[in-house]
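Chemist: Model the structure of this input:
(one chain, ligands or ions: 1)
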Amino acid sequence: MTYHPPFWEEPKKMDFESEVKKVEGNKIVLEMTYFHPEEGGQPPDKGTLGGYEVEDVQKKGDDIVHHLGEHDLEVGDVVKGKIDGDFRYTCMRGHTGAHIVYGAGREVMGKVSYAGFDIGEKKARIDFETDTHIDKKKLLRLEELCNKVILENRPVRWKILDREEIEKSEKIAFAKEIPEGEKVRMIEVEDWDRGVCSGTHLENTLEVGRIRIEGKKKLQKGVTRIVFSFGEEALKRDYREERSILRALEALNTNKRDLPKKIRHLQERSNEMEDKIETLESEKIERELEEFERFGREDFDLLMQTVSTEDTEMLSHKAKDEVGEDEVMVIINERESLSVLVGVGDKVENISANDLIQTMSHELGGGGGGTSNFAQGGGFDEDAEKIKEFLIELME
Ligand SMILES: [Zn+2]
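Modeler: Model prediction:
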């Protein structure tokens, strides 16, 4: 194996000097470099080379190629390299964090395989091949285990091994297709996780600081993505959440410990209120239904009343019970959008509730329907008074 960049052994070295080996337009290759290229889910390092900003770092064969803007560097120049330490440190935390999350995944989900990894601006993701369904409890357990391992300050080591040694060992993650006779680099979080990895890592778990499992996403059958934040970003998110919880607790006038009790109490209150409203509404409808205007007709009595209720279901239920056998009952409900209920008693001949609604719809716009005994309609162009006049005339 010829590829053995110096950042593998000294991941915290941010300043170095080296000689320019190749120049191809804006692309520079050095004798050696501490710049990490975009590889294995780790983004390319940021920084400067000979004072010029490094815009991208890519691996081409065993070469690490620095992409600059305009420059005047030439082969043989000795240049100073300066890596953005904060950015690199974030990547180291993310990479070390990924090994911790992977080990925790094995504990929580049982048999897992590695399916991908990436460090983003604020979060990292790791994809697991697993058949285990990961619910919220499992996610919480995953986070708990990660933070336990961080606190245990476990050493993180790396060594170069033959492919055969890797294949013999159990529980090695990140193992992709490795060419025969090739040597590979193994990262080990002591007694927790071992994986083949080319990234930069911290020397102990404590430096990761904090891991927050932010969520999961099922990518396809048998592949689940776990998203996590780490280090300072995780703390920022903790406190942002804590502040909104605090506002909610203040509004509810309670504290975290009493919150479940408080919510139960509020639910009970809300149920009681709903019951009360329903009872009041029912009483109101009953009162209103007692005061029908009565118009005597040859074969039946026409009863009319205007009410106002949102509970149209309760109204129609009660109205059905109220219709006498020789009565035609019309109830106009003025609430929000006006609706009309018509009930026709069993002994009333030649009048159908459905026909009345159809005639109204035809003459006054709107629509509706029902049976010959009971029908309702709405959306009419006229107000309650006009509808009333129309129906009285219709059943003269
Ligand atoms: Zn790694």
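
Chemist: now the strands for the stretch 151-300 of the chain?
Modeler: Assigned by DSSP state E, counting those that start in this stretch, the stretch 151-300 of the chain shows strands spanning 156-162, 172-173, 183-189, 193-196, 211-220, 223-230, 293-296.

Chemist: outside of stretch 343-362, which residues touch it?
Modeler: For stretch 343-362, contacts defined as C-beta atoms under 8 Å, 6 or more residues apart in numbering pick out 299-300, 319-320, 322-329, 331, 340, 342, 366-377, 380, 387, 390-391, 394-395. Quick note: C-beta positions are derived from backbone N, CA and C, even for glycine.

Chemist: looking only at pLDDT, what's the mean for that stretch?
Modeler: When pLDDT is averaged along stretch 343-362, the result is 91.

Chemist: can you pull the pLDDT of the residue lying closest to D62 once chain neighbours are set aside?
Modeler: Spatial nearest neighbour of D62, chain neighbours left out: Y3 (4.5 Å); criterion: C-beta to C-beta, 6 or more residues apart in numbering. Confidence at Y3, expressed as pLDDT, is 79.

Chemist: and Y3, that one's in a strand?
Modeler: No: under DSSP: H, G, I helix; E, B strand; the rest coil, Y3 sits outside any strand and is assigned coil.

Chemist: Tell me if I'm right that it and K60 touch.
Modeler: No: at 11.2 Å, Y3 and K60 do not qualify as touching, with contact defined as C-beta atoms under 8 Å.

Chemist: Neighbour count: these two, which is higher?
Modeler: Y3 (13 against 10; other C-beta atoms under 10 Å).

Chemist: Now the buried members of the contacts of stretch 343-362.
Modeler: 300, 319, 322-323, 327-329, 331, 340, 342, 366, 368, 370, 373-377, 380, 387, 390-391 (16 or more other C-beta atoms under 10 Å).

Chemist: so where's the chain uncertain?
Modeler: Applying pLDDT under 70 to the chain flags the ranges 1-2, 169-181.

Chemist: Check it for its longest helix and report it.
Modeler: In the chain, taking DSSP state H as the definition, the longest helix is helix 259-289.

Chemist: R264: neighbouring residues, count only.
Modeler: Other residues close to R264 by other C-beta under 10 Å number 10.

Chemist: what's the spacing between it and N255?
Modeler: 15 Å (C-beta to C-beta, to the nearest Å).

Chemist: who in this protein is up against the ion?
Modeler: Residues of the chain lying close to the ion (C-beta under 5 Å from the ion) are 95, 197, 199.

Chemist: Is it correct that the last one is in contact with G41?
Modeler: Yes: under the criterion of C-beta under 8 Å, G199 lies in contact with G41, with a separation of 7.3 Å.

Chemist: Cheers, nothing more for now.
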